[in-house]
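In: I would like the atomic coordinates for the input below:
(chains A and B)
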There are 2 protein chains.
Amino acid sequence: MQRYFVSPDQMTDSTVTIRGDDVKHIAKVMRMTTGDEVICSNNHDRVAKCEIIDFDDSRVELSVIEWLDRHTELPIPVTIAQGLPKSDKLEMIVQKGTELGANVFLPFQASRSIVKWDAKKSKKKTERLQKIIKEAAEQSHRNRMPVCEEPITFNELISQSNTYTIKVVAYEEDAKQSESAKLAELFQQIDPNKDRLLVVVGPEGGLTPEEVDELKKAGFVTCGLGPRILRTETAPLYVLAAVSYQLELLR
Amino acid sequence: MQRYFVSPDQMTDSTVTIRGDDVKHIAKVMRMTTGDEVICSNNHDRVAKCEIIDFDDSRVELSVIEWLDRHTELPIPVTIAQGLPKSDKLEMIVQKGTELGANVFLPFQASRSIVKWDAKKSKKKTERLQKIIKEAAEQSHRNRMPVCEEPITFNELISQSNTYTIKVVAYEEDAKQSESAKLAELFQQIDPNKDRLLVVVGPEGGLTPEEVDELKKAGFVTCGLGPRILRTETAPLYVLAAVSYQLELLR
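Out: Next up, the predicted model:
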């Protein structure tokens, strides 16, 4: 069944109102009409099966048939801080990362990031990434829609990292030295009631030794992700799958 | 350091001979010459740091400087049997799957596969996939180069599954019902000395109930990969990361 996100004020105890691009999607793309059913999430804590009762060009009115309580969010919030990669890799990362349960995507300008986003480009690109996230969140049955922030500097990353309880850097030098237990040690100690995870992944050329030192000083732990060298866009997917495996499958 | 795969007969106890496309890559793309060092793998059990001692247009001769014994292969061989997906998704699956340690890729014609590969197209496409695998294997420091087979039928898949000790189907109906322990239960019991893992992933529309029944009869276990619905190209990456996390990181 098709899923749509609405803001909390568009959902009452018995009704939902859909506005914006989704109206066109419902009427023109899905060709749905009154009586058809969709699933609506308030992007926070409520998900309902709803029936279309009325619509025009600007809004769709729905009545709530049944509240659903299926949990599809990872047991802890995970933020992927990604060194700005080349070309369309970030699109792949936010799409797959959304399927795999990430909460926030935080691109940052790393020393070895080859691309630079100027302010204008940055806003437009982030909007495009957010659209990819929305589609992936609907398709993967997420209850909440992850957020992609506009790129920040490395110093801003360090300062924002204060709000996280577990801070990890995917570090390929650790992979080369066959370091292979730290990530699992950290993940086994996660407390879903209080922990928030921040994962830093370098751009194509990796993080510089200076960046890694700064991160360590800020409380980050460098971790290998197995003995193979993963591309920048593969590392966050590995970490998210590992969080899911540890907290959702192993339990 | 640049890595190249050679066949076992191109490697002796003290020398390596590189032929084919890699000669051009070494001389023209990397602009290397005598005295430069590369890493060579015999695609089986031997990896060496080597020095270029001579080359012409058709071959590069190298002498072995040092045998390396870094293990970069997953502790058990993993075959990804992938229902033929649309467009270039298979390219992404073999590239990322190689980074994440897969051993064999086995595309199969599923009931809901929209694309069909004819014999001629099949050979050419598989060659292209094998080239992507080779590059990914070199980049990710694999000791062995995974193999991509030409697409097989569903019946051939069932019959080939006999040679595997652990047979898993990624099944989104299990994800919807929040089944979330079977994969971890199976993976915790893996014996690296004898087990071989086969993972079946459906195409975009998923496997049909009839296909799932056939697989179950052949000894497959249906498993959810967390509560979110993963796209066909994301599911194999999740499973490979989970194998790595369980066998390489948790140990």
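
In: pretty sure residue A:93 sits against residue A:84.
Out: No - counting by C-beta atoms under 8 Å, residue A:93 does not reach residue A:84; the two are 10.8 Å apart. C-betas here are computed from N, CA, C, even on glycine.

In: between these two, which is the more surrounded one?
Out: residue A:93 (26 against 20; other C-beta atoms under 10 Å in any protein chain shown).

In: which parts of the stretch 101-250 of chain A are helices?
Out: Per DSSP state H, counting those that start in this stretch, the stretch 101-250 of chain A carries helices over the ranges A:119-139, A:154-160, A:172-176, A:182-188, A:209-217, A:235-244.

In: most packed of those?
Out: A comparison of those by mean neighbour count, using mean count of other C-beta atoms under 10 Å in any protein chain shown, puts helix A:235-244 on top with a mean of 26.

In: so is it next to chain B?
Out: Yes - legend: contact between helix A:235-244 and chain B by C-beta under 8 Å from any C-beta of the partner chain is shown at A:237, A:238, A:241, A:242, A:244.

In: so which of those comes closest to residue B:145?
Out: The closest of the residues of helix A:235-244 next to chain B to residue B:145 turns out to be residue A:238 (C-beta to C-beta; 20.5 Å).

In: gap between the closest one and residue B:141?
Out: The spacing between residue A:238 and residue B:141, counted by C-beta to C-beta, to the nearest Å, is 15 Å.

In: need the residues of the stretch 151-251 of chain A near chain B, please.
Out: So the stretch 151-251 of chain A meets chain B at A:176, A:178, A:180-181, A:183-184, A:188, A:225-231, A:234, A:237-238, A:241-242, A:244-246, A:248-251 (C-beta under 8 Å from any C-beta).

In: follow-up on the earlier one: out of the residues of helix A:235-244 next to chain B, which is nearest to residue B:127?
Out: Lowest distance from residue B:127 to these (C-beta to C-beta) belongs to residue A:237, with 26.8 Å.

In: burial of the closest residue in space to the closest one that isn't next to it in sequence, as a residue count?
Out: Distances taken as C-beta to C-beta, 6 or more residues apart in numbering or on different chains place residue A:96 nearest to residue A:237, at 5.3 Å, with adjacent residues excluded. Using other C-beta under 10 Å, residue A:96 has 26 neighbouring residues.

In: cool, residue A:58 as well?
Out: Using other C-beta under 10 Å, residue A:58 has 9 other residues around it.

In: is it true that the residue nearest to residue A:237 touches residue B:232?
Out: No - Residue A:96 lies out of contact with residue B:232 (C-beta under 8 Å); the separation is 12.0 Å.

In: can you give me the strands in the stretch 51-200 of chain A?
Out: Using DSSP state E, counting those that start in this stretch, the strands of the stretch 51-200 of chain A run over A:59-68, A:78-83, A:104-109, A:147-148, A:152-153, A:166-170, A:197-201.

In: reformat those strands as JSON lines; add mean neighbour count and mean pLDDT.
Out: JSON lines is the format used below for the strands of the stretch 51-200 of chain A (neighbours: other C-beta atoms under 10 Å in any protein chain shown; pLDDT from 0 to 100):
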{"stretch": "strand A:59-68", "mean neighbour count": "16", "mean pLDDT": "95"}
{"stretch": "strand A:78-83", "mean neighbour count": "26", "mean pLDDT": "98"}
{"stretch": "strand A:104-109", "mean neighbour count": "22", "mean pLDDT": "97"}
{"stretch": "strand A:147-148", "mean neighbour count": "21", "mean pLDDT": "97"}
{"stretch": "strand A:152-153", "mean neighbour count": "14", "mean pLDDT": "96"}
{"stretch": "strand A:166-170", "mean neighbour count": "22", "mean pLDDT": "97"}
{"stretch": "strand A:197-201", "mean neighbour count": "27", "mean pLDDT": "98"}
